[in-house]
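Visitor: Below is the sequence, then the predicted model.
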Amino acid sequence: MENEGCPCAGRDGGPKMTRQGFLALAATGLAAAIGAVLSASGLTYFISPAFGKDEENWIDLGPASDIKPGTPVKVDYVERRRDAWVVNEKRSSAWIATADGKEFTAFDPRCTHLGCPYRWDQARGQFLCPCHDAVFSGEGAVVSGPPPRPLDRYSVKIAGGRLLIQPQPQKGA
Amino acid sequence: MNQAFCRVARWVAERTGLDQVWEALFARKIPEASGIAAWLYTLGSASMFVFSVQALTGALLAMNYVPSPDHAYDSVKFISERVLLGSFIRGLHHWGASFMVVLVVLHLLRVYFMGAYKYPREGTWMVGVALLLIVIGLGFTGYLLPWDQKAYWATAVGTNIAGQTPVLGPYVAKILKGGSEMGAATMTRFYALHVLVLPALALGLIAVHLFLVVWHGISEPPSRKDDGGRP
Ligand code: FES
């Protein structure tokens, strides 16, 4: 027993393949194939969240022609966000502005200072935040007050005359 | 290559006794049989293989499943439609469950008709019967979990059958349902049984069953007296 303690001892039958050796090999091969398929698919299932694409979540705000140039409008909407098998609904709003009726800008309705809702002052043509007296221009730039950056913007696109936004803030402008 | 493999194997063997375990489990003497009779001896191993597939796929499914009436159906749908390979894993678990019952029953029939349950293997047989009941319990509790029409009504029928038993029936049905109505408490109850209680019991009993199989050795195929004792 020179190969004592070696589980592979005596199970590979030299250079010529015996019937038993062949069957052992075939059984091992089959078991390995089944094991490989099982563990590969199980592993894929387990790590699949790593490859998942984030869904683009465009929200329809109605006809783009409703927004008149020079007067930003606060538009309310319901955001439906999919969380695996749950769909959450959130009420929210955005300020929509346009200079020419073709290019639109969507602002996050929270002031970039501490998150207060701001309003549009038509007479001054500026956004005013009541909390700490911030003033933003019609393009969202900080005119005066404590905000550290311009108003946050959302992605906007027009499809078939309808205005769509994607309400994840893109920092700054 | 083979040399290196042998060195690693010996290293492990000296520290764990794994080679003796291997010897006892896989290199043990088994009765000579050929043809269909030889294949019948594989039913036990086949059942155990399917059990391990069920354990693996079950653990994966549990990662995306919620045992609650307002989420169960949607989470199962999520697995089937949105998780990568989700329908494959769920399919394996679904078909594996049916196949498991078939295999276990065939295994029982083989043992019965070969008289392999007789002295000294009665203990193995009894543990085996307990395992059969556990497999059926796993099938019954798992059937409810997708919470579709079929699942709901099958469980309604199942618990009503339990309710028909004289005297104790209504209590048994209430215990199964976790209340007098089928609902959220039924799901969590079935889920706990399906993924915790029954698998744990099965694992323990499989260990005992396997030990007894190895301890007593496999019984010979029955032979006729009048043909000189040939199998
Ligand atoms: S929150 Fe708007 S100025 Fe402070």
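Guide: That came through fine. Residues are numbered from 1 along each chain as shown, chains lettered A, B, ... in the order given.
Visitor: Off-centre distance for the longest strand seen in chain A?
Guide: For chain A, the longest strand by residue count, based on DSSP state E, is strand A:86-98. Taking CA atoms, centre = their mean, to the nearest Å, the mean C-alpha location of strand A:86-98 is offset from the chain mean by 15 Å.
Visitor: Quick check: next helix or strand after that strand?
Guide: Once the chain leaves strand A:86-98, the next helix or strand it forms, by DSSP states H and E, is strand A:104-107.
Visitor: What are the phi and psi values at the spatially most central residue of chain A?
Guide: Geometric centre of chain A, nearest residue: A:D54, 4.3 Å, by CA atoms, centre = their mean. Main-chain dihedrals, A:D54, degrees, to the nearest 10: phi -70, psi 130.
Visitor: does the longest strand of chain A come close to chain B?
Guide: Yes. Counting by CB under 8 Å from any CB of the partner chain, contacts between strand A:86-98 and chain B involve A:V86. The way it works is simple: take the backbone N, C-alpha and C, and place the C-beta from them, glycine included.
Visitor: If you count contacts, what does that strand end up packed against?
Guide: Here strand A:86-98 touches strand A:73-83, strand A:104-107, strand A:162-170, going by 3 or more CB pairs under 8 Å, 6 or more residues apart in numbering or on different chains; DSSP states H and E.
Visitor: Centre of the chain to the lowest-mean-pLDDT helix or strand in chain B, how far?
Guide: Lowest by mean pLDDT, DSSP states H and E among the helices and strands of chain B is helix B:18-26, with a mean of 85. Put simply, helix B:18-26 sits 23 Å off its chain's centre (CA atoms, centre = their mean).
Visitor: Pull out the buried residues from it.
Guide: By 16 or more other CB atoms under 10 Å in any protein chain shown, the buried positions in helix B:18-26 come out as B:D19.
Visitor: Same question for stretch B:75-83.
Guide: So for stretch B:75-83, counting by 16+ other CB under 10 Å, buried means B:S75, B:V76, B:F78, B:I79, B:V83.
Visitor: quick one: contacts for the residue nearest to the third one when sequence neighbours are not counted?
Guide: It stands for B:F78. Nearest non-adjacent residue to B:F78, counting by CB to CB, 6 or more residues apart in numbering or on different chains: A:W85, 3.9 Å away. Shown in contact with A:W85 (CB atoms under 8 Å, 6 or more residues apart in numbering or on different chains): B:N64, B:V66, B:H71, B:D74, B:S75, B:K77, B:F78.
Visitor: One more pass at 7 Å, please.
Guide: Counting by CB atoms under 7 Å, 6 or more residues apart in numbering or on different chains, A:W85 touches B:H71, B:D74, B:S75, B:K77, B:F78.
Visitor: which residues does the first one contact?
Guide: The neighbourhood of B:H71, defined by CB under 7 Å, 6+ apart, consists of A:W85.
Visitor: how many neighbours does the residue lying closest to A:A141 once chain neighbours are set aside have?
Guide: Nearest residue to A:A141 in three dimensions, chain neighbours excluded: A:P150, at 5.0 Å (CB to CB, 6+ apart). By the measure other CB atoms under 10 Å in any protein chain shown, the count of residues near A:P150 is 17.
Visitor: did I read that right, A:P150 in a helix?
Guide: No. Assignment of A:P150 by DSSP: H, G, I helix; E, B strand; the rest coil gives coil, placing it outside any helix.
Visitor: how close does it get to A:T112?
Guide: 7 Å (CB to CB, to the nearest Å).
Visitor: do B:L43 as well
Guide: Going from B:L43 to A:T112 by CB to CB gives 70 Å.
Visitor: Those two: which is more packed in?
Guide: A:T112 (25 against 19).
Visitor: got a pLDDT number for the closest residue to the more buried one other than its chain neighbours?
Guide: Leaving out its chain neighbours, the residue that sits closest to A:T112 by CB to CB, 6+ apart is A:P147, at 4.5 Å. On the pLDDT scale, A:P147 is placed at 95.
Visitor: Run through the residues that contact B:F78.
Guide: A:A84, A:W85, B:N64 are the contacts of B:F78 under CB under 7 Å, 6+ apart.
Visitor: That one belongs to a helix?
Guide: Yes. Assessed by three-state DSSP, B:F78 belongs to a helix.
Visitor: Look at it and report its pLDDT.
Guide: 96.
Visitor: how much space between B:V105 and the ligand?
Guide: In this view, B:V105 and the ligand are 71 Å apart by CB to the nearest ligand atom, to the nearest Å.
Visitor: brain fart, A:F127
Guide: In terms of CB to the nearest ligand atom, A:F127 sits 10 Å off from the ligand.
Visitor: Same question for B:L203.
Guide: Distance of B:L203 to the ligand, computed by CB to the nearest ligand atom: 59 Å.
Visitor: helix or strand for that residue, which one?
Guide: B:L203 belongs to helix B:198-216 when assigned by DSSP H and E.
Visitor: Ok, B:C6 next?
Guide: Counting by DSSP H and E, the element that carries B:C6 is helix B:2-16.
Visitor: what is the rounded mean pLDDT of that helix?
Guide: Mean predicted confidence for helix B:2-16 is 90.
Visitor: and the angle for that helix with helix B:18-26?
Guide: Put simply, helix B:2-16 runs at 90 degrees to helix B:18-26, going by axes from the mean of the first three to the mean of the last three CA atoms, to 10 degrees.
Visitor: Can you give the distance from stretch B:100-117 to the centre of its chain?
Guide: Centroid displacement of stretch B:100-117 relative to its chain, using CA atoms, centre = their mean, is 13 Å.
Visitor: Pull out the buried positions in that stretch.
Guide: Here stretch B:100-117 shows B:M100, B:V101, B:L103, B:V104, B:H107, B:L108, B:R110, B:V111, B:M114, B:A116, B:Y117 as buried, counting by 16+ other CB under 10 Å.
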